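**Student:** my questions concern the predicted model and sequence given below.
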Amino acid sequence: FRKELNHIERLSLVGQMAAGITHEIRNPMAVVRGFLQLMREKSPSTLDHYYRIVLEELDRANSIINDFLSLAQNRSVKMELCSLHEIIKELTPLLWADANLRGQSIEVMLDEEVPELLLNQKEIKQLILNLGRNGMEAMDEKGQLTLETKCGTDGVELYVKDTGAGISPAQQERLFEPFFTTKSQGTGLGLSLCLSIMERHSGKISVDSEEGKGTTFTVFFPFTQTDPSSQRLRSGTLPPLVD
Ligand code: ADP
Ligand code: MG
């Protein structure tokens, strides 16, 4: 007698397996990385280039594992009332350092009307970093990355905008597929992770892009009934009374 697993059960089984396997793979990788570092210090500098490549590839494998784990686990994450703006302010120096190395600039425009939102801080940080990094990777020098928030009547919108290469319509259709990448060093997991994060937040993520001009990702956080502060703070009006 074979019991059919339903979708949810199957997903959580995959998540558990992924957690176990990635843990087992990560440990030996950390050991290899440590010894490589030591070997690099004791080796002639002519080999430095090779060590750098090996370490970078190891780090890449590690980030694939991390992204895959977040994607596969699809766990129910804890939502808390948080300030989206605080998260953005915390991440700005990080993004700025990255942009600065590339000769790019960052602009942040925050709508003061935006209330606290029910969200998982760790996931939204990851989402903003993923979108920000994608934007920077799509731009050459002098590009500008803009993070902007806007408070609407039924939710909050976050825009991550770049002045980069843009995305062809054919590629736009595939962006959110796991492992879709056009980069030699890409994992193709960043956007599919962003999509699953926004699904967990009952929100939306969409893209608007013009080739040669740039790309804007729009992330939408809906106001929900379990999110009292957003009801209260919205343009100073009280929610309608119900009896
Ligand atoms: P990765 O960055 O590892 O390639 P992502 O899932 O983050 O994976 O992105 C998938 C693909 O979507 C990228 O390889 C790139 O082709 C495209 N893309 C994502 N963001 C942008 C952007 N801001 N501008 C242009 N192309 C983008
Ligand atoms: Mg990416």
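**Tutor:** That came through, no problem. Keep in mind that this is a model prediction, so the values were computed, not measured. Ligands and ions are numbered 1, 2, ... in the order given.

**Student:** so where do the strands sit in the chain?
**Tutor:** Ranges of strands within the chain are 80-82, 105-109, 117-119, 144-151, 155-162, 204-210, 214-222, based on DSSP state E.

**Student:** the fifth one vs ligand 1: in contact?
**Tutor:** Yes - interface with ligand 1: strand 155-162 contributes residue 162 (C-beta under 6 Å from any ligand atom). The C-beta positions use only the backbone N, C-alpha and C, and glycine is treated the same way.

**Student:** winner for burial among the strands of the chain?
**Tutor:** strand 117-119 (a mean of 23; mean count of other C-beta atoms under 10 Å).

**Student:** give the pairing partners of it; include direction for each.
**Tutor:** Strand pairing for strand 117-119, using DSSP bridges, gives strand 80-82 (antiparallel).

**Student:** run the chain-centre distance for the strand it pairs with.
**Tutor:** On the basis of C-alpha atoms, centre = their mean, to the nearest Å, the separation between the geometric centre of strand 80-82 and that of its chain is 18 Å.

**Student:** and stretch 134-152, by the same measure?
**Tutor:** Distance, stretch centre to chain centre, for stretch 134-152: 14 Å (C-alpha atoms, centre = their mean).

**Student:** hey, what's residue 162 bridged with?
**Tutor:** Residues found in beta-bridge contact with residue 162 (criterion: DSSP bridges) are residue 145, residue 215.

**Student:** mind listing what it touches?
**Tutor:** Residues in contact with residue 162, defined by C-beta atoms under 8 Å, 6 or more residues apart in numbering, are 134-136, 138-139, 143-146, 214-216.

**Student:** which ones among those residues also lie next to ligand 1?
**Tutor:** Taking C-beta under 6 Å from any ligand atom as the test, ligand 1 is in contact with 134-135, 138, 215 out of those.

**Student:** longest helix in this protein, by residue count?
**Tutor:** Longest helix in the chain, counting residues (DSSP state H): helix 7-42.

**Student:** returning to that earlier point: what is the nearest of the contacts of residue 162 to residue 39?
**Tutor:** Among the contacts of residue 162, residue 136 lies closest to residue 39 (C-beta to C-beta), at 32.0 Å.

**Student:** go ahead and confirm that closest one touches residue 143.
**Tutor:** Yes - under the contact definition of C-beta atoms under 8 Å, residue 136 touches residue 143, with a separation of 7.3 Å.

**Student:** shared neighbours, the two?
**Tutor:** With contacts defined as C-beta under 8 Å, 6+ apart, the residues shared by residue 136 and residue 143 are 102, 104, 162.

**Student:** I'd say the second one and residue 142 touch.
**Tutor:** Meaning residue 104. Yes - with contact taken as C-beta under 8 Å, residue 104 and residue 142 are classed as touching, separated by 7.0 Å.

**Student:** what's the average pLDDT for stretch 86-95?
**Tutor:** Stretch 86-95 comes out with an average pLDDT of 96.
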